[in-house]
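>>> Sequence plus predicted model, see below.
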Amino acid sequence: MKKIALLTGVLLALSASMALAQGGINLAWNDCQGPVNATFACNTNTGTNTMVGSFDPPHVLTQFLGISAQVDITTDQANLPDWWKHGSGQCRGTTALATNFDGSTAPTCTDVYFGQAAGGFAYDVGFGSPARARFRIQCAVPIDNRTEVDPGTEYFAFKGIIQHTKSTGTGSCAGCTEPACIVLNEIQLFQPPEAADDPQITNPRDRNYITWQPPPTGPAGCPLTTATRNSTWGQVKSLYR
């Protein structure tokens, strides 16, 4: 499933300037420092739950432009429940999941986009195993709105908005009540190519995972992570052309 001209073509080779970095990434419900677990009775088809990603850069970036993030969703079922299957031809369709880059409503961290970010996402059901989905998110500001980000500050990165549609009644999707583990694997930060500095952050600042319903109790537990995939600034820039 794609939004806002997401990621034209295949992923390009990682440039030599991109390296794993320190700093940290966070994932929470509702706000940058929100709760770890969300519980929903699955008894209504209205309302939402919102995951919020954030980052603390590993060093000063003087021309920050945007981010690429990778989130994995896994349950303790053999196959991903229908309620977590988003996309064309899937039970939840193309409207039950969305991204948002308005950091003004995430007050516990710093909004670095100031309403200028455009972005989108892809959602891959069965990524890596039948029990998993991958949620890939990218956004960027126009190049004239690039700004500085500094280590020691937690910055808002993205929201993933999950609609409650098809949770109950006729036409509902099974699996809303099943526990799920949601892991933010990586946030990569982007600057213009001439900066030659697009760090990837994989280590948690506070916590890089959240849970849905009572936390999963399967043998692997939570968090669960898989290998990340690298992007380039050219791919992020294509989001708002």
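That came through, no problem.

>>> For the one helix or strand Asn49 maps to, which strands pair with it and how are they oriented?
Assignment of secondary structure by DSSP states H and E places Asn49 within strand 48-56. Strands that pair with strand 48-56, judged by DSSP bridges, come out as strand 24-29 (antiparallel), strand 155-163 (antiparallel).

>>> Just the terminal-to-terminal distance for stretch 173-180.
Counting by Cα to Cα, to the nearest Å, you get 15 Å between the two ends of stretch 173-180.

>>> Reformat the strands paired with strand 48-56 as a markdown table; add mean pLDDT.
Written out in a markdown table, the entries for the strands paired with strand 48-56 read as follows (pLDDT from 0 to 100):
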| stretch | mean pLDDT |
| --- | --- |
| strand 24-29 | 97 |
| strand 155-163 | 98 |
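
>>> Do a quick rundown of the helices in the protein.
233-237 (DSSP state H).

>>> on that earlier part again, for the strand holding Asn49, the distance to its chain's centre please.
Averaging C-alpha positions (Cα atoms, centre = their mean, to the nearest Å) puts strand 48-56 7 Å from its chain's average.

>>> Give me the pLDDT value at the residue nearest to Arg92 when sequence neighbours are not counted.
Across the structure, with Cβ to Cβ, 6 or more residues apart in numbering as the measure, the residue nearest Arg92 apart from its sequence neighbours is His86 (4.8 Å). C-beta here means a position set from N, CA and C on the backbone, and glycine is covered the same way. Looking at His86, its pLDDT reads 98.

>>> do the same with Gln22
What the model reports as pLDDT for Gln22 is 71.

>>> And for Asp76?
If you check Asp76, the pLDDT there is 83.

>>> a markdown table for the strands paired with strand 48-56, including mean neighbour count and distance to Thr46?
Formatted as a markdown table, the entries for these read as follows, by neighbours: other Cβ atoms under 10 Å; distance: least, Cβ to Cβ, whole Å:
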| stretch | mean neighbour count | distance to Thr46 |
| --- | --- | --- |
| strand 24-29 | 24 | 18 |
| strand 155-163 | 23 | 9 |
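
>>> Out of the ones you listed, which gets nearest to Leu189?
Ranking those by distance to Leu189, with Cβ to Cβ as the measure, places strand 155-163 first at 9.1 Å.

>>> least trustworthy helix or strand in the protein by mean pLDDT?
The helix or strand of the chain with the poorest confidence is helix 233-237; it has a mean of 43 (mean pLDDT, DSSP states H and E).

>>> so which of the strands paired with strand 48-56 gets nearest Asp82?
With Cβ to Cβ as the criterion, Asp82 lies closest to strand 155-163 of the strands paired with strand 48-56, at 14.1 Å.

>>> what residues does the closest one touch?
By Cβ atoms under 8 Å, 6 or more residues apart in numbering, the surrounding residues in contact with strand 155-163 are 25, 32, 47-57, 67, 69, 71, 95-103, 106, 109-113, 119, 121, 135, 137, 139, 149, 187.

>>> Could you turn the buried ones of those into a PyMOL selection?
Only the buried members of these enter the following PyMOL selection, criterion being 16 or more other Cβ atoms under 10 Å:
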select buried, resi 25+32+49+50+51+52+53+54+55+56+57+67+69+71+96+97+98+99+100+101+103+106+109+111+112+113+119+121+135+137+139+149+187
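
>>> quick revisit: Arg207 versus the residue nearest to Arg92, what's the distance?
His86 sits 24 Å away from Arg207, taking Cβ to Cβ, to the nearest Å as the criterion.

>>> Kind regards, and thank you for your time.
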